[in-house]
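>>> this one's sequence-less:
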């Protein structure tokens, strides 16, 4: 045998056979201990020789555990919570099979075990004269405990790296098998990397959270310390034993000496208690390679070299993942050109514009990954629509949303010179203004992966859009579809003929002017479709219906119930978010082949189709804009599936001239809405600038405004007033409203400077992000509430947190209003009287009588919305409330979300004003109720990622009633207990619960430390510092 001892490579797991539990340090009684040893000896005899594998070229003894995660992974050596950096992966003779037993046919705690052999070697070694004086004695504990036979240890946390070296005298004395065993299901495997990295960081920073550690010992000049951190272990609770029978202390035959056997036993026991993500040897090698590639990529991206590494300065692993999950094997030529632009490599700001479906998002993803993986910097994604992970620059010219986007970008540009801004859009015209505003380079291309053909339909004739033709279109074909007289009346626009040319083998989108029209068209088309459509993916469509019922508490829309069997569905804001998600997934996978939808789908969801049909050139009652038209037809053609995409705009003869102008005119310009949205724009901007101390005097504020898009476009937008005058007027308005205070600082005789400070009311409005149009109304309502706040029910608090802006859009059903009013208790009717709404007024409105007394319409509407929310919190069922108030369930859900957000805003508003201290605790609880809208006992479970109302009910019924229960749950048990729960979902739920529990524990620990910390103004300290001074 070569020089050195043997290498031990261990990965923590649990023996397949029943062995004493390693969770406690309780020793079994002598009889029990003997019984266990006899059972283990029998097991050893049965498996003797079955799994042995001798190793050659044996190295000095080295116990090494792997710390792995789903992110960049390293082999690490922990010592007193220090992180020395990545270590070299040790060569291995073979790939470790997860089915092999880690201990093979020996028991590491039995008398004939490897540890016993090590102990014998050590005894011989210490008999040598030169080593006898180094022996010391330490009492050791027997780490055996009696356990339930079904007890298992779920290995879920991070492990440790330990090295133990022995002298060269052992080089010819020991051998060891390199084996492993089947690991338990690992909770941290296949979960979001952010959660795994959370546990990694937790392990780095918290050795004092209960994990055992070995003592530091000088052993022939090297014996590194080990820190074993034990996270929550998913195991059955063991019965407690008495002190007399639970432990037994044994003293080594050599006095004052802690043997190597004890070192190893202690380490192995601690490691067994720790929870370690278990991966195959192949995965370890791959992840180590990834780690090395990231380091190389980081160096490459920081250098001036043109060599971009394996995949645009990213590890090849990223490329492999794109191939595996998105089927992207090669980038388009424009994407390669854009990513290799000199301005991109120099991290300059960039705007790029391409037609819809050109692949813009992929470029943004790669640029974000470069920042996250290689430069280790944060990335902010601005999402105008939840469904699209990108920043759509043309949205900067659209109302309130555009004003907020402009303010955000302007602050970033003003405060940070190192932040890179990447803007992308499919529809841009006056890009020069945006370039100047963002100080950005510009890249554009007309590339589309699938050719788009545009058509117009007038009566039975279809024309192709052709810019070279005299009137912009050329004849294409006549529709050839046999219509009955009944069908002609039902479908005068020949929609059935157009969609049946495509479905069910291809997909189709039909854009309709209104939500109601979407539902009517879907039903009409299904009445005319062939029965053969029912057989297409019949099983999958039934599954969609079942899933819709599951997410809706057993309810199902009557329209969808009739249309889904034909592969048809409508899509608009009247659906709940869960319904939309399920329908979108079904459409993306081809189970549904036709959507009738509103224009919001074109801007918000990436659902391409073979053919896109525009039911009319209108959105509601407004004629289509060029930008809207391009967005809609841009959904035609699916890359990698279709060879061509088609769009057909149906129009009447009366609209022909307008449509011809529509298809030929350039895109609309993008203009700033910073001043048009007065209270949500420039006033809110100034309040935040002063509140954040970004700019506090008149000159700085004017300088900031000059750098906004509004400042760039001031010559076009301002006809009567200058930018200076607009700035002065806005500041004067905020001062008069009591949100700002002005101080004038005088210098010389003619020089002075106006400095602005935010008032308490201004800070409350700023911190609460309250629309400045309503901040004074909110203050009055809260002040009035203090005079007689009704707490017998939640109605009064709900009224105070009902969004003002939604009240102005509300149109109550007066009969329903009157009926709900009459069902109120006397205390609840008192709330209505306090806010100024009488039963007499509602009764007259319901009966259609004339009303002479003037009543604030916004208050009446706001109380009506409060009734809806109050009913929703009592019933927690959107469907029943939707039916009761005759409102779309999607609107009810939007109202609930808006109320939860506004409740949080009001809470922050009250926290800044001492006079409203009474609202703080009340609004905190109300915000939770509005956020989750479930019974109170389910709220703790709803905090966990991946747990919605239905799942929370299942978990609660199964006995998992708190966050602690979920954190200690075994995923395998959850899978068996909870219906329709996948292994991945179970692991994510447990992992998320653990993370939340640790965050709460850390928050409490911070409070404890704060309480125990000596105050900085403590008299003794102050006196001492004064004397030193």
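Thanks, I have it. Remember, predicted model here, so these are calculated numbers, not experimental data. Numbering: from 1, shown residues only.
>>> drop to CA atoms for contacts and neighbour counts, all remaining ones
Fine.
>>> can you tell me the average pLDDT over the longest helix belonging to the chain?
In the chain, taking DSSP state H as the definition, the longest helix is helix 983-1012. The average pLDDT for helix 983-1012 rounds to 91.
>>> Stretch 880-893 too?
Along stretch 880-893, the predicted confidence averages to a pLDDT of 94.
>>> Check which residues of it are buried.
881-882, 885, 887-893 (16 or more other C-alpha atoms under 10 Å).
>>> Can you tell me what sits against that stretch?
Counting by C-alpha atoms under 8 Å, 6 or more residues apart in numbering, stretch 880-893 makes contact with 573-577, 813, 816, 868, 871-872, 875, 878-879, all of which sit outside it.
>>> what do you get for stretch 426-434?
When contacts are taken as C-alpha under 8 Å, 6+ apart, the neighbours of stretch 426-434 outside the stretch itself are 353-356, 392-394, 440, 627, 630-631, 666-670, 709, 712-713.
>>> again with stretch 815-822
829, 839, 842-843, 846-847, 864, 867, 884-885.
>>> Which member of the residues you listed is positioned nearest residue 373?
Minimum separation from residue 373 among the contacts of stretch 815-822 (C-alpha to C-alpha) is found for residue 867, which lies at 49.5 Å.
>>> What's the first helix or strand after the host helix or strand of the closest one?
Applying DSSP states H and E as the criterion places residue 867 in helix 857-875. The first helix or strand that comes after helix 857-875 along the chain, using DSSP H and E, is helix 878-885.
>>> Can you tell me the closest non-neighbouring residue to residue 758?
With sequence-adjacent residues excluded and distances taken as C-alpha to C-alpha, 6 or more residues apart in numbering, residue 758 is closest to residue 740, at 4.6 Å.
>>> what sits against that neighbour?
Applying C-alpha under 8 Å, 6+ apart as the definition, the contact partners of residue 740 turn out to be 687, 731, 734, 756-759, 762.
>>> how about residue 793, phi and psi?
As for residue 793, its main-chain torsions (degrees, to the nearest 10) stand at phi -150, psi 180.
>>> ok, now the one 3 residues further on?
Torsion angles at residue 796 (phi, psi; degrees, to the nearest 10) stand at phi -70, psi -40.
>>> ok, it to residue 831 distance?
From residue 796 across to residue 831, the span is 6 Å (C-alpha to C-alpha, to the nearest Å).
>>> On the three-state scheme, residue 352 is what?
Using DSSP: H, G, I helix; E, B strand; the rest coil, the secondary structure recorded for residue 352 is strand.
>>> What's the local residue count around it?
If you count neighbours by other C-alpha atoms under 10 Å, residue 352 ends up with 21.
>>> partner residues bridging it?
In this structure, residue 352 bridges to residue 424, residue 443 when assessed by DSSP bridges.
>>> Equivalent analysis for residue 609, please.
residue 636.
>>> what sits against it?
When the contact criterion is C-alpha under 8 Å, 6+ apart, the partners of residue 609 are 506-509, 635-638, 645.
>>> before we move on, what SS does residue 658 have?
Under the three-state scheme (three-state DSSP), residue 658 adopts helix.
>>> and it, what does it touch?
By C-alpha under 8 Å, 6+ apart, the contact list for residue 658 is empty.
>>> same thing with the one 10 residues further on?
Going by C-alpha under 8 Å, 6+ apart, residue 668 touches 428-429, 625-627.
>>> do residue 438 as well
With contacts defined as C-alpha under 8 Å, 6+ apart, the neighbours of residue 438 are 349, 409, 413, 421.
>>> buried set for the helix or strand encompassing residue 820?
When elements are assigned from DSSP H and E, residue 820 belongs to helix 814-822. Of the residues in helix 814-822, those scored as buried under the neighbour-count criterion (16+ other C-alpha under 10 Å) are 814, 817-818, 820-821.
>>> No further queries at this time; thank you.
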